[in-house]
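Student: quick one, fold the following:
(one chain, ligands or ions: 2)
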Amino acid sequence: MSPVVEACALEKRYADFVAVAGIDFQIAPGECFGFLGPNGAGKTSTMRMLQSVSLPSAGTLRVLGMDPRHDGKRIRTRLGVCPQADNLDPDLPVIDNLLVYGSYFPQARAVTARRADELLEFVALGDKKNHAIPELSGGMKRRLVIARALINEPELLLLDEPTTGLDPQARHLIWTKLRELRARGVTMVLTTHYMDEAERLCDRLVIMDGGKILAQDSPRALIDAHVGQEVFELGASAAEARDFLAGLDLCGASHEHTGDLLAVFLSAKHQLSERLIERARGAGSRYLLRNATLEDVFLKLTGRELDE
Ligand SMILES: Nc1ncnc2c1ncn2[C@@H]1O[C@H](COP(=O)(O)OP(=O)(O)OP(=O)(O)O)[C@@H](O)[C@H]1O
Ligand SMILES: [Mg+2]
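Tutor: Ligands and ions are numbered 1, 2, ... in the order given. Predicted coordinates for the structure are as follows:
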């Protein structure tokens with residue numbers, strides 16, 4: 001099957017500033033593909049190119065087999081978009097936000113009213129049909145934007161930070177809905193700052209920084225390749241960490257000290273965890289042995305310091 005999205009040496013410049021610095025990726029039909037990266041990494045710039053509202057400065061991009069430079073309009077009729085900032089019309093009630101948006105899609109017009117009702121039920125807003133937008137909570141607005149993005153039965157759904165700022169209940173509800181859509185075969189592209197979200201939803205993802213892709217794979221493969229299975233953490237100053245590690249054969253396991261924390265990244269082959277725990281207990285230090293996560297990969301690749 002041909003890819004839904006194909007990007008090759010894709011670049012976005014704003015005047016002299018390079019926001020997306022020549023990236024390559026392919027997204028297969030039915031896949032949930034993620035973009036992770038610190039603020040300013042170039043995620044939204046990439047999403048807007050996929051959305052065909054911002055044209056590439058260089059490189060090639062094909063979305064649904066078409067070139068956004070020539071077929072932007074045809075591409076947009078087959079996309080669903082949940083932008084980073086909510087752009088609901090505050091002067092229209094909930095249902096009219098869906099109906100007016102649906103009227104922009106010729107293929108959806110005849111069925112918009114029925115679909116709008118179904119979609120409000122789908123995102124658990126059936127009882128808010130006639131409410132005003134300012135009466136909705138942040139989570140409700142986000143669900144409404146997702147419902148709106150589905151009005152034209154899109155083949156490709158672009159979600160720019162779908163759950164930022166929402167409480168855990170609202171996030172879980174949105175995740176459930178996104179998983180239902182994926183099970184129906186909708187291809188999804190997602191940006192997020194939440195590593196647990198990416199780990200739960202994405203089949204594959206890229207980690208971006210400064211407009212470049214640093215790594216690309218499934219969450220599990222990225223964790224295995226860059227971190228390992230487990231992380232041993234020890235509360236320790238730089239001097240305490242040096243003492244702790246002195247004379248210890250780490251068998252090739254990598255470690256990192258930041259702030260007041262020493263982290264040792266462990267794979268099964270290292271067989272080190274028991275010795276580390278014994279040493280920490282002996283020294284009376286605080287320690288934690290936990291599973292490696294995507295957040296470990298992210299921080300390892302993009303650094304722990306704020307880059308502003
Ligand atoms: N229209 C624009 N004009 C000039 N610079 C821009 C424009 N849009 C984005 N940028 C810059 O491009 C870089 C990438 O921005 P982008 O919005 O793509 O990042 P992001 O990864 O989505 O960040 P965030 O996580 O904060 O949403 C940033 O340095 C930003 O300031
Ligand atoms: Mg963004």
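Student: contacting residues for the residue of the stretch 51-200 of the chain with the smallest separation from ligand 2?
Tutor: Residue of the stretch 51-200 of the chain nearest ligand 2, by C-beta to the ion: Gln84 (4.8 Å). Any C-beta I mention is one placed from the backbone N, CA and C, and that applies to glycine too. Counting by C-beta atoms under 8 Å, 6 or more residues apart in numbering, Gln84 touches Thr44, Met47, Asp160, Glu161, Thr164, Thr191.
Student: from those, which land in helices?
Tutor: If you go by DSSP state H, these have Thr44, Met47 in helices.
Student: so which of the contacts of Gln84 reach ligand 2?
Tutor: Thr44 (C-beta under 5 Å from the ion).
Student: buried subset of the contacts of Gln84 as a ChimeraX selection?
Tutor: Of the contacts of Gln84, the buried ones can be selected in ChimeraX as follows, counting by 16 or more other C-beta atoms under 10 Å:
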select :44,47,160,161,164,191
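Student: lowest-confidence one in the contacts of Gln84?
Tutor: The lowest pLDDT within the contacts of Gln84 belongs to Thr164, with 90.
Student: quick check: chain neighbours aside, which residue is closest to that residue?
Tutor: Excluding the flanking residues, the one nearest Thr164 by C-beta to C-beta, 6 or more residues apart in numbering is His193, at 6.7 Å.
Student: what of Leu201?
Tutor: Using C-beta to C-beta, 6+ apart, the nearest residue to Leu201 is Cys32, at 5.3 Å.
Student: check Asn152 too.
Tutor: Asn152 sits nearest to Phe105 (C-beta to C-beta, 6+ apart), 4.1 Å away.
Student: measure that neighbour to Val94 for me?
Tutor: 19 Å (C-beta to C-beta, to the nearest Å).
Student: just Arg115 next, same as before
Tutor: Counting by C-beta to C-beta, the gap from Arg115 to Val94 is 14 Å.
Student: close to ligand 2, is whichever strand or helix holds Gly22?
Tutor: Secondary structure from DSSP states H and E places Gly22 in strand 17-27. No - counting by C-beta under 5 Å from the ion, ligand 2 is not contacted by strand 17-27; separation bottoms out at 10.4 Å.
Student: what residues does the stretch 51-200 of the chain put near ligand 2?
Tutor: So the stretch 51-200 of the chain meets ligand 2 at Gln84 (C-beta under 5 Å from the ion).
Student: kindly recompute the last result at 8 Å.
Tutor: Gln84, Asp160, Glu161, Thr191 (C-beta under 8 Å from the ion).
Student: filter the residues you listed down to the ones near ligand 1?
Tutor: Contacts with ligand 1 within those, counted by C-beta under 6 Å from any ligand atom: Gln84.
Student: for the nearest residue to Gly30 once chain neighbours are set aside, the count of nearby residues, please.
Tutor: In this structure, Gly30 finds its nearest non-sequential neighbour in Gly185, 5.0 Å apart by C-beta to C-beta, 6+ apart. By other C-beta atoms under 10 Å, the residues close to Gly185 number 9.
Student: would you mind giving the secondary structure of Gly185?
Tutor: Under DSSP: H, G, I helix; E, B strand; the rest coil, the three-state class of Gly185 is coil.
Student: surely it touches Cys32?
Tutor: No - using C-beta atoms under 8 Å, Gly185 makes no contact with Cys32, being 11.2 Å away.
Student: where do the helices of the chain begin and end?
Tutor: Using DSSP H, helices in the chain cover 43-50, 68-77, 94-102, 112-122, 138-149, 168-183, 195-201, 219-226, 238-245, 273-283, 294-302.
Student: poorly predicted segments of the chain, please.
Tutor: Across the chain, the ranges flagged by pLDDT under 70 are 108, 304-308.
Student: next, the contact list for the closest residue to Leu222 other than its chain neighbours, please.
Tutor: In space, and not counting its chain neighbours, Leu222 is closest to Val297: 4.9 Å by C-beta to C-beta, 6+ apart. Each residue near Val297 by C-beta under 8 Å, 6+ apart is listed here: Ile207, Ala215, Leu222, Ile223, His226, Val227.
Student: residues contacting the fifth one?
Tutor: Read it as His226. With contact taken as C-beta under 8 Å, 6+ apart, His226 is in contact with Ala215, Asp296, Val297, Lys300, Leu301.
Student: distance of the nearest residue to Asn87 once chain neighbours are set aside relative to Asp127?
Tutor: Closest residue in space to Asn87, ignoring its immediate chain neighbours: Val145 at 7.8 Å, by C-beta to C-beta, 6+ apart. Applying C-beta to C-beta, the value for Val145 to Asp127 is 18 Å.
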